[in-house]
Each structure stands twice: as structure tokens, then as C-alpha cells.
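Participant: the following block contains a protein sequence and its predicted model.
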Amino acid sequence: MAEIYIDAGTTWTKILEIKDNKKTYKIIESGKLKSLYSNCKKATGHTVIKTEKYINEAVALALGAKEYLKKDYTVLDLGSRDIKWVKYQNNKFKDMDWNTACASATGATVEMLLKFYNLKTEDLKFTKEKYAITCGIFGLEKIMDDVSHGLEPNIAVSKFIHGLAYNAFTFTKNSEDICISGGFCENNCFIESLRQYANVTPLGRFVLVDGLLNEN
Amino acid sequence: MQKDIIAFWGYPEKDIISQTKIEYPEASWVDLDINYNYPDLKIIPENYCVIIKNIVNNAFYLKDRIIKILAPIGKDKCDSAYFISEILINEGFNIVQTIFEEKCEDYNSLKLPISKSKLPLRKKVELITNNIVEQKDYSNLEECVPAFGFWGVPPNDLSILELFPDNTEVFGWIRAVEAGYPGDYKLETYVKENLPTIFFTQAFCSKTALAKYLANKYEGLFIDVDNTPNNSAKAKIEAFLKLR
């Protein structure tokens, strides 16, 4: 019988299965979680299945990235609809923030933009210019304005993503060393944009499920 | 309708409370700061301190029953309270403006049995605010060894306090109220240096500046909540309590 650990995001669910001491990582659409799994050992996020133990997402993030936190990195997780970060100092918790409400800096907005303009993540490339997107709705308006004036959609979306990366940087209180968790690790435009402001280490999409495993 | 309510907000000056109790021994006392879910009359702007909105909505809802309102307007409350006291005077309420800015002369003599007790945090805050009028003796309460601190004012939605463990010590304006010095800045801004503390304010309250400053100074967590706490605020508190 496999041990199941689940990080159920709004759009994607990250899964760690352990059977015979072998770890298997999977990503599935969150809409399919209930039909594929009925329960799990530990869960975080918006889980819809039974779990023996539920762990707060920021706690799972901190436990999953503890090796980096020990080195005084800020660990930042960008999800579909939320953004959160944790920072330690001298191996002790120092600060954190979590915005679960605003989509201006999150993955769902970018996925919608890619679909709307029929783009792939690989079509995006770092641009020096950025939109100031303190509000996602105003950010979309700027993209549409520029595209209607002839700018290529991939450049406009890249400018949006640069603005998003800048927001993420300021949200972490201008941290110098940032580890990224979540789907944005696979978005080179975002990573390159964030590198204009901080040293960036992508950790991949399974930090939170690893944190569940580390939790006692 | 018979007028039978003495209303107040904040912590009116003690002598005025005592004098009013003697003058109106049968009256019910109503704290207008509290959210009783009376209709929002939209007199106050949408983006404004919810406690001030509570005061105005409660006052108008109970207007026919209110004998007078004891209205702190000094440093023991806030500028917004002064402005709404003037608005309410203009709207025909009997307002007694009070200023309670007395400073404590010996901080070491303060007992603060409720703030330091083992009671659940919500109960602590409710007892302290109820005791503004009741003035009961709680000196027999058992003291806790604090693991966390809660700094701030009584939240509009008290359920946020249920996230905290019982060994949470109370600081900020609530502690100053228990001490009997609601306008004492030094007492209001005191926290224990190495005690992990959450600094709470209502959004759009001028105390947000103080809360954020103190949270940075003492490496605590700054939380501002508008009406009721959203998932973001609750999750942050949960994580802070677990990770510290």
C-alpha cells in the first residue's frame, strides 16, 4: 500500500507516492483528484479528499525548503491564485507573508493570458520593460491596449510577467536571495525577470509535498 | 419608546462612568464598538475603520433608546472618534465627550491578571472590555507562562482570537485598558522582547502604522483585518504560531 502525500492546488495537484521506499512524484489536474484518489496520509492546499492530517501550506513550504531556509534564503511559492513566502534567520523563523486573495501576481492569470492569446510558455521572453501591475485587471488592460496598438502578444505578456516578477520581489520585502517553489519555476521569462532584482534558485513544484513528508 | 441605554465606546473616563451609574442605576450599558450586526446605514465611507462604522450604525439603530453616549475622543481612542462624536451631536444625540489620557506612574505595580491569565484569548479580551463598566476583581486568575503575545485592539470579529493557544498574553490597547490607562502610549506599545507576538489592527485604523512598526521592531507578525478575517489572515496566524 502506497503512502500518499498531496498538495492540492487550485489548478494542479502535486502528489508524492511512496511504495517500498520508492518515491514517485506526479502532477494531475485538480479536477481529477477525487476520481483518482479517495484518501491520503497528509495533505495541504485545497484538498477535496480525506486526509489523516492536514498541514497549513506555509508550514509545508517551510518544511519542504528547510535546507534553503537554514542558509537565510527567502522561500517564495507562487500558486494559481496565491503567493506566499517564508524567511528564517539564524535557523529560526523570522518573517512571512501570504496573499490568498489577489490574482494579479499568480499563475491562473498567466494561464488565462496564454490561452487568450494562444501562446505557449516558451513563446515568452524576458523584456527589460515591465507593466506596473499592482492590480491584475489594470495589467490586462495595458496588455490589450498595447496589443491593439500593434505590439506582439508574446512581448506584451512578457512585460506583464516582468511586472509580476517585480511584484513578487517587493512582496518578499526585496529579498536578495529567493528560492522559487511552484509552476513558475518552469517559466523562464519569469525566472529571468526576477533575476533582475534578486539571486534566484528554482526548487520545482514538489516543495510542499516534500514538506509534508518532513512534517512530524 | 422609553430611553433605557447608556451607550459608550472605548474606555470613558472612570469617574464619568461611576457618576453615570449613580445617576442612571436602572440603565443598560451598551458598548457601541461591538458588531451587533445592525444594518449598515452607509453614513461612514466604505473604506473606513469597521469599529467606527459599528459605533455609528449601532448608535442610529438604538437612537430611540439611548439616554446618552459616553464618547472618548482623546489619545485613549482616536481622531475618528472625535469626528463621529461631533457628527452624532449634530444628529441630535446626547454626547458626553471624555478624554482619558492619564499616564501610569509605576508600571511595575500593574497586576494585569486577565491579560496574563490562562483563560482562552477570546475570553480574556471579552472580560477586559466587559470590565470597563463592571469593574470586577479578577486578581485570583491563574497566570500562564506565555508562549505567544497578542497586541492590539479587540477585533471586530472575535473569532480570530480562537486561533491562538490559551498561553497567549495580551498587549497593546487591550492591556492598557485592563491597567486602567487607555491613553498611555508607553503601556500600549510595550511587548516582551523575545515573545513571538502578533500585532493586530483593524484595516483603516490609524494604529496600523504602530502595529507595522512594532511588528518589524520585535520580529512579530503584522495583521490587519477589515471586517472579518479572510483566509489569508487566518492562514498567516496559523503558520506563524506553528513556525515560531
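Facilitator: That came through, no problem. Note that this is a predicted model, so its numbers are computed, not measured. Residues are numbered from 1 along each chain as shown, chains lettered A, B, ... in the order given.
Participant: so in terms of bridging, what pairs with the residue nearest the centre of chain A?
Facilitator: Note on chain A: the residue nearest the mean C-alpha position is residue A:78, at 2.4 Å, using CA atoms, centre = their mean. For residue A:78, the beta-bridge partners under DSSP bridges are residue A:83.
Participant: that one contacts residue A:109, correct?
Facilitator: No - here residue A:78 lies out of contact with residue A:109, judged by CB atoms under 8 Å, at a distance of 10.7 Å. C-beta coordinates here come from the backbone N, C-alpha and C atoms, glycine included.
Participant: picking up where we left off before, could you list every residue that touches the residue nearest to the centre of chain A?
Facilitator: By CB atoms under 8 Å, 6 or more residues apart in numbering or on different chains, residue A:78 lies in contact with A:105-107, A:168, A:180-184.
Participant: and of those residues, the nearest to residue A:45?
Facilitator: Closest approach to residue A:45 among these (CB to CB): residue A:182, at 11.3 Å.
Participant: ok, the residue nearest to the centre of chain A to residue A:154 distance?
Facilitator: Using CB to CB, to the nearest Å, residue A:78 is found at 20 Å from residue A:154.
Participant: close to chain A: what parts of chain B are there?
Facilitator: B:219, B:221, B:230-232, B:235-236, B:238-240, B:242-244 (CB under 8 Å from any CB of the partner chain).
Participant: following element in sequence after the host helix or strand of residue A:58, please.
Facilitator: Assigned by DSSP states H and E, residue A:58 falls within helix A:57-64. Counting by DSSP H and E, the element after helix A:57-64 in chain order, helix or strand, is helix A:66-70.
Participant: buried ones in that next one?
Facilitator: Buried positions in helix A:66-70, judged by neighbour count with 16 or more other CB atoms under 10 Å in any protein chain shown: A:66, A:68-69.
Participant: now swap in stretch A:150-170 and tell me
Facilitator: Neighbour counts using 16+ other CB under 10 Å place A:153-169 of stretch A:150-170 among the buried residues.
Participant: check stretch B:16-30 too.
Facilitator: By neighbour count on 16+ other CB under 10 Å, the buried set for stretch B:16-30 is B:16-17, B:20, B:24, B:27, B:29-30.
Participant: any chance you could map the strands in the chain?
Facilitator: You didn't pick a chain, so chain A it is. Remark: strands assigned in chain A by DSSP state E are A:3-8, A:12-19, A:22-29, A:39-45, A:50-54, A:74-78, A:83-89, A:92-99, A:177-181, A:199-204.
Participant: wrong one, chain B
Facilitator: With DSSP E as the criterion, chain B has strands at B:5-8, B:28-31, B:66-72, B:95-98, B:148-152, B:168-171, B:197-202, B:221-225.
Participant: sheet partners, orientation included, of the last one?
Facilitator: Right, strand B:221-225. By DSSP bridges, strand B:221-225 pairs with strand B:197-202 (parallel).
Participant: just the fourth one next, same as before
Facilitator: Strands that pair with strand B:95-98, judged by DSSP bridges, come out as strand B:66-72 (parallel).
Participant: what is the lowest-mean-pLDDT helix or strand in chain B packed up against?
Facilitator: Lowest on mean pLDDT, DSSP states H and E among the helices and strands of chain B sits helix B:231-243, with a mean of 87. In terms of contacts (3 or more CB pairs under 8 Å, 6 or more residues apart in numbering or on different chains; DSSP states H and E), helix B:231-243 is packed against helix A:57-64, strand A:92-99, strand B:221-225.
Participant: circling back to that earlier point, just checking, which of the buried residues of stretch A:150-170 belong to helices?
Facilitator: Judged by DSSP state H, helices contain the following of the buried residues of stretch A:150-170: A:153-169.
Participant: for chain B, tell me which of the residues you listed show up nearby.
Facilitator: The subset of these within reach of chain B, by CB under 8 Å from any CB, is empty.
Participant: so who does the residue in chain B positioned nearest to chain A touch?
Facilitator: Of all residues in chain B, residue B:239 sits closest to chain A, at 3.6 Å by CB to the nearest CB. Listed by CB under 8 Å, 6+ apart, the contact set of residue B:239 reads A:56-59, A:62, A:86, A:96, A:98.
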